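How does the following fold in three dimensions:
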Amino acid sequence: MDTLNRREPFVSDYREQFMQFRDFRQLLGWLALGACSVCSAQTPSAGASAGVEPTELGLEALLGLEVTSVGKKPQRLADTAAAVFVITQDDIRRSGASSIPEVLRMAPGIEVARMNNSTWNISARGFNTRWSTKLLVLMDGRTIYSPVSSGVNWQEQDTMLPDIERIEVIRGPGATLYGANAVNGVINIITKSARSTEGGLAYVAAGNQENLAGVRYGGKLGDDVYYRAYVKHDARGAFRDATGAAAQDDWGRSRAGFRTDGKLANGDGFTLQGDLFQSRLGETYDMPILTPPFLLTLNDRAQSSGGNLLGRWQRTFSSTSEASLQLYYDQSVTSDIAADVGYKTVDADFQHRFAANDRHDIVWGGGYRRTRDDVTGGLTLAVLPQQGSYSIYNFFVQDEIALIPERLRLTLGSKFEHASLSGTDIQPSARLQWTPHAGHSLWGSVAKAVRTPSRLDLEARYNSAAFPGRLPTQISVFGTPAAGSEELVAQEIGYRFQPTQSFSLDATAFYNRYLKLRSTETGAPFVEAQPAPVHLVLPQYFDRKLGGHTAGVEIAAEWHTTAWWRWHAAYTYLRADDLHAIDGGSGVPYKFGYGGSSPSNQFYLRSSFDIGERTELDVWVKTVGQLTAIEIPAYISFNLRLGWKARKNLELSLVGQNLLEQRHAEFVTDDGTPRATQIPRSLFAQALLRF
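A predicted model of the protein is given here:
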């Protein structure tokens, strides 16, 4: 059955509007390549190599880095009353990672499991599923949390890794500032300003799995206006399944984008940026059907394309007062066997920060988001009505109060949010930080967060299994209005300790109480004639009749043994096995057991050596505990990178990943859509040229 052709009307509706979109992507790519070829012979401006990587400044300066995600304002990492971890550009470069999900393996408390070639499962503090519904991800302030599935489709999220300035990872609720779905954590991917990327950069990588290429060029448009444009392409070979047979999960994607930063005549700052992407990937699905053999295996060539445009205006009124307005438009369409999904989102966000007096630093703001989607179901999924439109309004305020200047600070705030799909939610938080003296900081927090339902939670039907019998039997899960917001109340305590300029320790303990988790409740069986043959349906309905607790400890340490030898270590312990029925429910969670889909123990050790002025050696060992609910055994990952600065502007590197074994499994789903494969050993060489 050619399911893509069967739904051709849906695809053609979007195909026409995306035709010019794809032509523009190709034009932008050729323009970027042409600009690089023309400018490669020019001498880069003085700003092309300006700036020093944070790790080159030493540990003391690294802890003084400014982060913006915790309080929506610049503040020193050491002064944040939250479990925050920063991945710098130098960390990214020396990790040998070739994608954003691989980079995130460096963050303590973050679970990264690759299900197959193109599908990553990423979560914080448990509840790891394919869609990672309790983790909010931002790219330069634009949420990339899918409004249709309430999750992150990582195969669509990408950018030039050398252009990422840093990734700020917050474990724990961030709902007071970021709203619904910032339940167990917030990941904020921040790219460099265009003024810091003058000149050109090109890279190419080739190996047994990764084949990557990208080029970017930046310059100056006026007295204080800068730009950059890029184009990149990834192609990755197919993995193998548990039997060793070749899978059909090879994939490739192309992406192009631009960014412009500058100042207006009155001194106001502005940013305008956008991206376009297109990907094609192979997937194998196991589909339940009502006729023998009751399970159909299909190989699919899925397609995905989309783009976004973001604008931001900033004004500084004084040293203690500033405001910003951000607008963005996001569009995506995906077509595969499971479903055809298209959506368009418009978002507006305003915030203002000011100091009321010497003791109160206040940030407040509000926003509006509207999404329109079109979902055409496939063999296992149906959504009625096919088209939907929904919106979110929000307002927030947060006050940082200096109870004892430079010693004791109390932060109080709340988000007030109204979603057309779930109603009104209030998400307050309180944080207290005590700094008895330099090098020691103790903090604690209590916060509430919610995860709002998607339209699939409310209006979808998912056929999960089929069995033979006197009447063929089908198990189906139905969305209902009862599938409202999931709720969390989180308590955290943390301690930062820097006894010397060469060593630091950051420890966090947390206790999360989940009040209304998504569950499936059994309904009365009924007979259905369509689709043929006549069959019995055993229905299950989404509800919120599951409660539970999770608890854990996260420790990260950094030690600069010498100027040329650095160590990074992290350990995470998670207990997430206390789930129980509430309000007379069945106690059956939606999807497989939440707790058993996350490892109880994770540990990694990274060591970076500078061998002379030109050679670098990076060793990264990580152990991940077993996933009991889905029977994935524990594994050890050993990665190695050897880098050589052949010239001032040319860097060569050899990277080996998962070197201890030929392949291993990291994740499977309970529904077989798409089928999981095993992660192989990977070897590749990369060349990076700056011009």
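
Could you pull out the strands in the stretch 201-350 of the chain for me?
Secondary structure of the stretch 201-350 of the chain (DSSP state E, counting those that start in this stretch): strands located at 210-220, 225-236, 251-263, 269-288, 295-318, 321-335, 339-355.

Adding distance to E165, mean pLDDT and mean neighbour count, write the ones you listed out as JSON lines.
Backbone N, C-alpha and C define where each C-beta goes, glycine included. Putting the strands of the stretch 201-350 of the chain into JSON lines (distance: least, Cβ to Cβ, whole Å; pLDDT from 0 to 100; neighbours: other Cβ atoms under 10 Å) gives the following:
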{"stretch": "strand 210-220", "distance to E165": "14", "mean pLDDT": "95", "mean neighbour count": "21"}
{"stretch": "strand 225-236", "distance to E165": "13", "mean pLDDT": "96", "mean neighbour count": "21"}
{"stretch": "strand 251-263", "distance to E165": "12", "mean pLDDT": "96", "mean neighbour count": "21"}
{"stretch": "strand 269-288", "distance to E165": "13", "mean pLDDT": "91", "mean neighbour count": "20"}
{"stretch": "strand 295-318", "distance to E165": "15", "mean pLDDT": "92", "mean neighbour count": "17"}
{"stretch": "strand 321-335", "distance to E165": "18", "mean pLDDT": "95", "mean neighbour count": "19"}
{"stretch": "strand 339-355", "distance to E165": "20", "mean pLDDT": "94", "mean neighbour count": "19"}
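
Reformat those as CSV; add distance to I92.
Listed next are the strands of the stretch 201-350 of the chain as CSV, based on distance: least, Cβ to Cβ, whole Å:
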stretch, distance to I92
strand 210-220, 14
strand 225-236, 15
strand 251-263, 17
strand 269-288, 19
strand 295-318, 22
strand 321-335, 24
strand 339-355, 27
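
Can you tell me which of those is nearest to G444?
strand 339-355 (23.9 Å; Cβ to Cβ).

returning to that earlier point: relative to N512, which of the strands of the stretch 201-350 of the chain is closest?
Among the strands of the stretch 201-350 of the chain, the nearest to N512 by Cβ to Cβ is strand 339-355 (27.2 Å).

so what's the nearest residue to R407 once chain neighbours are set aside up against?
Nearest residue to R407, sequence neighbours excluded (Cβ to Cβ, 6 or more residues apart in numbering): T435, at 5.6 Å. By Cβ atoms under 8 Å, 6 or more residues apart in numbering, the contact set of T435 is D79, E406, R407, L408, S441, L442.

Skipping adjacent residues, who's closest to the fifth one in space?
So the one you mean is S441. R496 (4.3 Å).

ok, the most centrally placed residue in the chain to I100 distance?
A centroid search over the chain (Cα atoms, centre = their mean) returns V137, at 4.4 Å, as the residue closest to the centre. Counting by Cβ to Cβ, to the nearest Å, the gap from V137 to I100 is 9 Å.

quick one on the thing from earlier: which stretch of helix or strand covers the residue nearest to S441?
If you go by DSSP states H and E, R496 is part of strand 486-500.

Of all the residues in that strand, which ones are buried?
Within strand 486-500, the residues that qualify as buried are E486, E487, L488, A490, E492, G494, R496, Q498, counting by 16 or more other Cβ atoms under 10 Å.

picking that back up, thought the residue nearest to S441 was touching T508?
No - look at R496 against T508 with Cβ atoms under 8 Å: they stay out of range, at 9.5 Å.

one step back: which ones among the contacts of T435 map onto strands?
Using DSSP state E, the subset of these located in strands is L408, S441, L442.

State the number of residues packed around the first one.
Think L408. Burial of L408 is recorded as 14 neighbouring residues (other Cβ atoms under 10 Å).

Can you give me the distance of the nearest residue to it once chain neighbours are set aside to I404?
Using Cβ to Cβ, 6+ apart and skipping the chain neighbours, the partner closest in space to L408 is W434 (5.3 Å). The gap separating W434 from I404 is 9 Å, by Cβ to Cβ.

Looking at those two, which has the bigger crowd around it?
Per other Cβ under 10 Å, whichever of W434 and I404 has more neighbours is W434, with 15 against 10.

residues touching that one, list them.
Residues in contact with W434, defined by Cβ under 8 Å, 6+ apart, are R407, L408, S441, L442, W443.

try it again with 10 Å
A81, L403, I404, R407, L408, R409, H440, S441, L442, W443, G444 (Cβ atoms under 10 Å, 6 or more residues apart in numbering).

do the same with Y145
Here Y145 is in contact with 131-133, 135-138, 151-153, 178, 180-182, 454 (Cβ under 10 Å, 6+ apart).

closest to S586 among those residues?
Distance to S586, by Cβ to Cβ, is smallest for T133 among those, at 20.1 Å.

any idea how far that closest one is from L408?
As judged by Cβ to Cβ, T133 and L408 stand 36 Å apart.

same question, A532
Where L408 is concerned, A532 sits at a distance of 71 Å (Cβ to Cβ).

and what of D578?
34 Å.

about what we covered before: between V137 and I100, what contacts are shared?
Common contacts of V137 and I100 (Cβ under 10 Å, 6+ apart): I122, W154, Q157, I167, I187, I189.

Narrow those to those in strands?
The strands, defined by DSSP E, take in I122, I167, I187, I189 from the shared contacts of V137 and I100.

For E111, see how far away the first one is.
Spelled out, that is I122. The gap separating I122 from E111 is 7 Å, by Cβ to Cβ.

and T133, what element?
Assigned by DSSP H and E, T133 falls within no helix or strand.

And for it, the neighbour number?
If we define neighbours as other Cβ under 10 Å, then T133 has 26 of them.

residues in contact with the closest residue to G222 other than its chain neighbours?
Nearest residue to G222, sequence neighbours excluded (Cβ to Cβ, 6+ apart): G262, at 6.9 Å. Counting by Cβ under 10 Å, 6+ apart, G262 touches 193-195, 220-227, 268-272.

go on, H440?
By Cβ under 10 Å, 6+ apart, the contact set of H440 is A78, W434, Y495, R496, F497, Q498, P499.

let's see 8 Å
Neighbouring residues of H440 by Cβ under 8 Å, 6+ apart: Y495, R496, F497, Q498.

Adding distance to G214 as columns, could you present the ones in strands among the contacts of T435 in TSV?
Listed next are those as TSV, based on distance: Cβ to Cβ, whole Å:
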residue	distance to G214
L408	47
S441	39
L442	44
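
quick check, nearest of these to D234?
Using Cβ to Cβ, the shortest approach to D234 within the ones in strands among the contacts of T435 belongs to S441, at 40.6 Å.

Next one: the closest one, what pLDDT does it get?
Note on S441: pLDDT of 95.

burial of it, as a residue count?
Residues lying near S441 (other Cβ under 10 Å) number 20.

Wait, it touches Q433, no?
Yes - the criterion here is Cβ under 8 Å, and S441 meets it with Q433 at 6.4 Å.

what do the two both touch?
By Cβ under 8 Å, 6+ apart, S441 and Q433 have these common neighbours: D79.

Find the nearest non-adjacent residue to R353, please.
Closest residue to R353 apart from its sequence neighbours, by Cβ to Cβ, 6+ apart: V363 at 4.3 Å.
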